[in-house]
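[1] build me a model from this:
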Amino acid sequence: QVQLVESGGGSVQAGGSLRLSCKASGRTFSNYVMGWFRQAPGKEREFVSTISGSGITTYYADSVKGRFTISRDNAKNTVYLQMNSLKPEDTAVYYCAAAARVMTTTSSRYDYWGRGTQVTVSS
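    Numbering: from 1, shown residues only. Next up is the predicted model:
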């Protein structure tokens, strides 16, 4: 089992920045691909970013590319999502997830999920 707890959400104005953190506990953190997803009200959960177990390989949704940066610190069992140049359309609950397989953008292939943290961007 892997437990995931997100933090760092909040309310910011458009153009602002937030840094989300996801602390993992349980099994060996570096064995897991980590991902960030988000879900806005009335919409389906969507992929945001993913990072390999080593942290070397990353992938982003087109909607956040160039604005968001995913990283991880395996010594701290933590994955981060630095979000810059935030837009109102980034408003959502952000979830981190862990996958014990290859990197993927598909939510159903992630094995463990956090409870999410709210991000609200006002115009």
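[2] find the centremost residue of this structure, please.
    Trp36 (2.4 Å; C-alpha atoms, centre = their mean).
[3] just for the chain, where's the confidence low?
    Within the chain, not a single segment meets pLDDT under 70.
[4] ok, 90 please
    Within the chain, the segments meeting pLDDT under 90 span 1, 26-28, 101-102.
[5] how about the residue nearest to Lys76 when sequence neighbours are not counted, secondary structure?
    For Lys76, ignoring the flanking residues on the chain, the nearest one in space by C-beta to C-beta, 6 or more residues apart in numbering is Lys23 at 7.8 Å. Glycine gets a C-beta too; all of them are placed from N, C-alpha and C. Here Lys23 is recorded as strand under DSSP: H, G, I helix; E, B strand; the rest coil.
[6] Lys23 bridge partners, please.
    Beta-bridge pairing for Lys23 (DSSP bridges): Val5, Thr78.
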